[in-house]
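Enquirer: Fold the following, please.
(one chain, ligands or ions: 2)
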Amino acid sequence: MSQDDEGPLATMLSQMQRAQEYAQVDEGIFERLQYPERTLKVTLPVRMDDGSVEVFEGYRCQFDSARGPYKGGVRFHPSVTMDEVSALAGWMTWKTALVDLPYGGAKGGVVCEPKRMSTDEMRRLTRRYTEGIRRMIGPHVDVPAPDMNTNPEVMAWMMDTYSVYEGHTVQQVVTGKPVSLGGTPGRVEATGRGVAITTEKVFDYLDRDLEDASVAIQGFGNVGSWAARLLSERGANVVAVSDVSGGRYDPDGLDVLDLYGHAADGGRMADYDGEADTISNSDLLELDVDVLIPAAVAEVVTEEVAKNLRASVVVEAANGPTTTPADDVLIERDVPVVPDILANAGGVVVSYLEWVQNTQEYAWTLEQVNADLERRLTSAFDEVVTAYDEDGIPDLRTAAYSIALERTAHAHELRGLFP
Ligand SMILES: NC(=O)C1=CN([C@@H]2O[C@H](COP(=O)(O)OP(=O)(O)OC[C@H]3O[C@@H](n4cnc5c(N)ncnc54)[C@H](OP(=O)(O)O)[C@@H]3O)[C@@H](O)[C@H]2O)C=CC1
Ligand SMILES: O=C(O)CCC(=O)C(=O)O
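Expert: Residues are numbered from 1 along each chain as shown. Ligands and ions are numbered 1, 2, ... in the order given. A predicted model of the protein is given here:
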C-alpha cells in the first residue's frame, strides 16, 4: 500500500522509519504498524440557530490497540482531515507506549469553525458526532478526551450522549470531564504541567538553570497558557505568547497571569492592552530565546524556520509541530528537541489516572495526581535520554520512538497477532 509523501501522516511515518534503524522491530510487525487499523468517517447534520441545516464531516481513527484500549483526543478545527487524524492517532500510539500506559492510540476530529458557532450549535454537533462514532468507542474499547477546541463541557456532552444509548451513566467512556461529573483534579492543566516538567528535565540534563531562562510559546489555549503559567512559577521568564490573531512580546518578561485572564475572558492577543509589543506568529518562532514551545498546530517548524531558529532548546507541546526536513536541520545544528510524544504526554497520563479513578469509583486528590504525573514523566524522560546517550541515536525524538516502537511491537509478539 502507498501513502501520501507529504503532510502530518508522512511526517509521522518518516519519524517511525528513522527509529526503526535503532529499534529493529520485526519487519512484518513494522509493516503493520505503519497503517491505522481503521478510520470511520461520519457526516453530521446539525440544525443551526438560524433554522438552517449544516452537514459537518467528522472522523475517528483507531491506530493500534495491541497494548490496550484505543486512547486519544477529539479536535474541532477547520483544518481537520483524515490524514491529520490518522497521524494524530499514530502519535497517540507512540505516546501511550512511551509513557507505558496500558493503552493504544486513536484520535478524532470534526471539520468545523468553533469560534463561529454558538454553545447550542456546538452541543448539537458534539451529540451528533458522538452518536456517529458511538459503536466504536467504549470504556474498554476506545476512550476519547479533549484536544484543540474541546474541553470538559464537550466531554460531558459526549459522556451523556453515550450514556443515553447505554441506559446508564458510563463515566469512563471519556476523560477530561468536569470534576463534578467524574473528572479528575489536575486534568485541565496536565498537558501544560507535563510541558513544564519536561522543560525542567531537559534543562537539568543539559546542566542549565531554568531560572530566568527566556521562553516563547506559540499558542495560548489550554496547553500553551498552562505551560506559560507553570514555567513562570518555576522561575522561567515567558517573553512571548501568541494565538491565531498574533503575539505579544516583552524581552523583560510578560505578565502571564494578566494575559491568562485576558484569554480566559475571550480576549485575543491582538486586543491585549497590557504592556507588550506585538509580534507575528512567524517572528515568534525565530526569537532569540532559550526555549521555544510550539503549542498550537502541526508543521509550523519548517526547514526554513529551523535554519533561522535562535532558541537553544525546542519543547514540542503541540502534536507534530516539526517537519522531517526541519528535524534534519535541528539535528545538524545540535538544537535539542523534546519530542511531542514525551513533552505533551502529561495530558494522557492524567486521563489514564481519571479512567483508573472512574473504574475504581474512588477519587484521588490533586496532590496524588500531580505526584503520579511527575513520577511517570520523569521515568519516561530518563529512559529517553538513556537510550539517546547509550545507543548512538541522533536525537531525542528517535530515541523516544525506538522505545515506543519496541514496546508496541513486543505487545504484538506476545499476543501472537502474526500467526
Ligand atoms: N488539550 C490537551 O490535553 C492536549 C493538546 N495537545 C496539543 O496541543 C496543541 C494545543 O492544544 P490545546 O491547547 O488543547 O488547544 P486550544 O484549542 O485550547 O488552543 C489552541 C491555541 O493555539 C492557537 N492557534 C491555533 N491555530 C494557530 C495558528 N495557526 N497559529 C498560531 N496559533 C494558533 C489558538 O488560538 P485561537 O484561540 O485564537 O484560535 C489557541 O491559542 C495541539 O497541537 C494539541 O493537539 C497535546 C496533548 C494534549
Ligand atoms: O488525554 C487523552 O486521552 C489524549 C490527549 C491527546 O489527544 C493528546 O495527547 O494528543
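Enquirer: List the contacts of the helix or strand hosting residue 278.
Expert: Assigned by DSSP states H and E, residue 278 falls within strand 277-279. Residues outside strand 277-279 that contact it (CB atoms under 8 Å, 6 or more residues apart in numbering): 240, 242, 246, 247, 248, 249, 250, 270, 287. Where C-beta positions appear, they are placed from N, C-alpha and C, glycine not excepted.
Enquirer: From residue 348, how far out is the closest residue in space to residue 345 that isn't next to it in sequence?
Expert: In space, and not counting its chain neighbours, residue 345 is closest to residue 99: 4.7 Å by CB to CB, 6 or more residues apart in numbering. Using CB to CB, to the nearest Å, residue 99 is found at 7 Å from residue 348.
Enquirer: Ok, residue 388 next?
Expert: For residue 388, the distance to residue 348 equals 22 Å [CB to CB].
Enquirer: Then residue 122?
Expert: Going from residue 122 to residue 348 by CB to CB gives 23 Å.
Enquirer: Tell me which of these two has more neighbours.
Expert: residue 348 (27 against 20; other CB atoms under 10 Å).
Enquirer: who touches residue 231 in this structure?
Expert: Taking CB under 8 Å, 6+ apart, we find residue 231 in contact with 195, 196, 199, 210, 215, 238.
Enquirer: Just the ones of the residues you listed in strands?
Expert: 215, 238 (DSSP state E).
Enquirer: Count the residues that sit near the closest residue to residue 250 other than its chain neighbours.
Expert: Spatial nearest neighbour of residue 250, excluding adjacent residues (CB to CB, 6+ apart): residue 276 at 4.4 Å. A count of neighbours around residue 276, defined by other CB under 10 Å, yields 22.
Enquirer: same thing with residue 414?
Expert: 10.
Enquirer: How much space separates it from residue 408?
Expert: For residue 414 relative to residue 408 (CB to CB), the value is 11 Å.
Enquirer: How far away from the center of its chain is the strand or helix carrying residue 15?
Expert: Per DSSP H and E, residue 15 falls inside helix 8-23. Offset of helix 8-23 from its chain centre (CA atoms, centre = their mean, to the nearest Å): 18 Å.
Enquirer: Could you list every helix and strand in contact with it?
Expert: helix 27-33, helix 82-98, helix 324-332, helix 396-414 (3 or more CB pairs under 8 Å, 6 or more residues apart in numbering; DSSP states H and E).
Enquirer: Of all the ones you listed, which one is nearest ligand 2?
Expert: Nearest to ligand 2, of all those, is helix 82-98, at 5.9 Å by CB to the nearest ligand atom.
Enquirer: Can you get me a residue count around the residue in the stretch 151-300 of the chain positioned nearest to ligand 2?
Expert: Ranking the residues of the stretch 151-300 of the chain by distance to ligand 2 (CB to the nearest ligand atom) places residue 175 first, at 5.4 Å. When neighbours are counted by other CB under 10 Å, residue 175 registers 30.
Enquirer: next one: residue 379
Expert: Going by other CB under 10 Å, the residues that sit close to residue 379 add up to 12.
Enquirer: ditto for residue 221
Expert: 16.
Enquirer: again with residue 138
Expert: When neighbours are defined as other CB under 10 Å, residue 138 has 16 of them.
Enquirer: Quick check on it: phi, psi?
Expert: Backbone torsions for residue 138, taken as degrees, to the nearest 10, come to phi 160, psi 160.
Enquirer: nearest residue to residue 18 other than its sequence neighbours?
Expert: residue 398 (5.3 Å).
Enquirer: quick one: that neighbour from residue 11, how far?
Expert: Residue 398 sits 13 Å away from residue 11, going by CB to CB.
Enquirer: do residue 19 as well
Expert: Distance from residue 19 to residue 11, by CB to CB: 13 Å.
Enquirer: With residue 45 instead?
Expert: Residue 45 is 33 Å from residue 11, by CB to CB.
Enquirer: what does the stretch 301-419 of the chain put close to ligand 2?
Expert: Residues of the stretch 301-419 of the chain found near ligand 2 (CB under 6 Å from any ligand atom) are 319, 344, 347, 348, 351.
Enquirer: Which members of those are positioned in helices?
Expert: In helices, defined here by DSSP state H, the members of those are 347, 348, 351.
Enquirer: Which residue comes closest to the first one once chain neighbours are left out?
Expert: For residue 347, the nearest residue in space outside its immediate sequence neighbours is residue 191; the separation is 3.6 Å by CB to CB, 6+ apart.
Enquirer: Next up, phi/psi of that neighbour, please.
Expert: Main-chain torsions, residue 191, degrees, to the nearest 10: phi -70, psi -40.
Enquirer: who's in contact with it?
Expert: 222, 223, 226, 227, 317, 344, 346, 347.
Enquirer: Just the pLDDT for it.
Expert: As predicted, residue 191 sits at a pLDDT of 98.
Enquirer: Confirm residue 228 sits in a helix?
Expert: Yes. Counting by DSSP: H, G, I helix; E, B strand; the rest coil, residue 228 is found in a helix.
Enquirer: That one reaches residue 217, doesn't it?
Expert: Yes. Taking contacts as CB atoms under 8 Å, residue 228 lies within contact range of residue 217: 5.5 Å.
Enquirer: Give the residues shared as contacts by the two.
Expert: Listed as contacting both residue 228 and residue 217 by CB under 8 Å, 6+ apart are 238, 241.
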